[in-house]
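S.K.: Below is the structure, and that's it, no one-letter string:
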């Protein structure tokens, strides 16, 4: 086990896992920008090639783990290693508003060339709403926060039959909470909610309740065992529920012509909104990764690099989207349209090559901004938002 105390201002294992999420997010965005000619669907299409399927599947880890860690980090903010409890409500509320603003303005501009008449409310929207919700929920008793998170994550599937007619207040609220759909139009712009917030709110609540695992009195071996137990329990429950098509995913799996396609059918879960099986497999994997990172002795150059990405996630998120947009138009001007009216990569392997190039290009920025943030955060509170 690592002897690093979780009382440190930054917990390496959390930042490294968040950095892994950021790199996987880059992979997904390279795919979205340069491989739009081959749609994946949700759940993924039956006839999708295995290389594209598993490339997309890896990126499923991003949203659940990031939002869970956001809740965990909120608990750590409220319980600093040296000092008394401080309410995270104001910080969470302001940060939630900032993240929603980034979604409404900066993210729209990234995709305005492709979808000029649509504003998609996606993961940043959901994270922002979850933070605002947590800014209120964190005032509740600790046990009630956990119970509410557990109830939402495991019980929201029972709300599926509820529907509202478009145009009414009920439809707007239900679309924001659970039903991905168009909200309506504002000034000729169609507002679409891709990430309904309710399941993600359950995840951030559970993340907040996991915070005591990283409290100073909790030893590293105890935390490691707890993370292993949580990860194993999540994956075992997923196998049970999915194996017998009992609960947790609307699309049943079935045996296919080959072992590979059977596995693809078994693991094919809904993301929008996330099914229970989707959350079990991604969060279960996240727990095991945290446990593995706890067990690593020392810090390699590679892990240090990944940690830099994870310590400034919002900064890298915004910057890399505009770098991808610029790269797309440069390639379009050089090579012209290769798939319909758009430039696109020819194979999935090029998605990985592009992601590696993108990550290498961003490392100096991540490293420099991370050092600046850690050095100046006390004097410049706005850096906490990045």
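M.R.: Thanks, I have it. Please read these numbers as outputs of a predicted model, since none were measured by experiment.

S.K.: since we're on residue 345, how many residues are nearby?
M.R.: Around residue 345 there are 21 other residues, counting by other C-beta atoms under 10 Å. (C-beta placed from N, C-alpha, C; glycine too.)

S.K.: hang on, it in a helix?
M.R.: No: looking at residue 345 with DSSP: H, G, I helix; E, B strand; the rest coil, it is coil, so not inside a helix.

S.K.: per-residue confidence at residue 39?
M.R.: For residue 39, the model assigns a pLDDT of 90.

S.K.: burial count for the residue lying closest to it once chain neighbours are set aside?
M.R.: Once flanking residues are discounted, residue 39 sits nearest to residue 45: 7.3 Å by C-beta to C-beta, 6 or more residues apart in numbering. By other C-beta under 10 Å, the residues close to residue 45 number 13.

S.K.: Now the phi/psi pair for residue 45, please.
M.R.: Backbone torsions of residue 45, given as degrees, to the nearest 10, read phi -70, psi 150.

S.K.: And it, how close does it get to residue 269?
M.R.: Applying C-beta to C-beta, to the nearest Å, one obtains 14 Å for the distance of residue 45 from residue 269.

S.K.: Just say helix, strand or coil for the spatially most central residue of the chain.
M.R.: In the chain, the C-alpha nearest the mean C-alpha coordinate belongs to residue 63, at 1.5 Å (C-alpha atoms, centre = their mean). Under the three-state scheme (three-state DSSP), residue 63 adopts helix.

S.K.: Just the pLDDT for residue 381.
M.R.: The model's pLDDT for residue 381 equals 76.

S.K.: Next, give phi and psi for it.
M.R.: The phi/psi pair for residue 381 (degrees, to the nearest 10) reads phi -60, psi -20.

S.K.: Give me the buried positions along the helix or strand of the chain with the lowest mean pLDDT.
M.R.: Least confident helix or strand of the chain, by mean pLDDT, DSSP states H and E, is helix 108-111 with a mean of 83. For helix 108-111, the neighbour count (16 or more other C-beta atoms under 10 Å) marks 108, 111 as buried.

S.K.: That one: how far from the chain's middle?
M.R.: In terms of C-alpha atoms, centre = their mean, to the nearest Å, the centre of helix 108-111 is set 19 Å apart from its chain centre.

S.K.: my guess is residue 283 contacts residue 234, does it?
M.R.: Yes: using C-beta atoms under 8 Å, residue 283 is in contact with residue 234, at 5.7 Å.

S.K.: Overlap of the contact sets of these two?
M.R.: Counting by C-beta atoms under 8 Å, 6 or more residues apart in numbering, residue 283 and residue 234 have no common neighbour.

S.K.: More neighbours: those two, which one.
M.R.: residue 283 (25 against 20).

S.K.: SS state for the more buried one?
M.R.: Taken by three-state DSSP, the conformation at residue 283 corresponds to helix.

S.K.: try the one 4 residues further on
M.R.: Applying three-state DSSP to residue 287 yields a three-state assignment of helix.

S.K.: Can we start the residue count at 6 from this point?
M.R.: Fine by me, first position is 6 from now on; the one you just mentioned is residue 292.

S.K.: what about it, how many residues close to it?
M.R.: 25.

S.K.: ok, it touching residue 230?
M.R.: No: applying C-beta under 8 Å as the test, residue 292 and residue 230 come out as separate, 11.4 Å apart.

S.K.: longest helix anywhere in the protein?
M.R.: Longest helix of the chain, by residue count under DSSP state H: helix 353-381.

S.K.: could you say what helices and strands that one packs with?
M.R.: Packing contacts for helix 353-381, counted by 3 or more C-beta pairs under 8 Å, 6 or more residues apart in numbering; DSSP states H and E, involve helix 17-39, helix 55-63, helix 306-316, helix 318-340.

S.K.: Kindly give the local confidence score, pLDDT, for residue 12.
M.R.: pLDDT, residue 12: 33.
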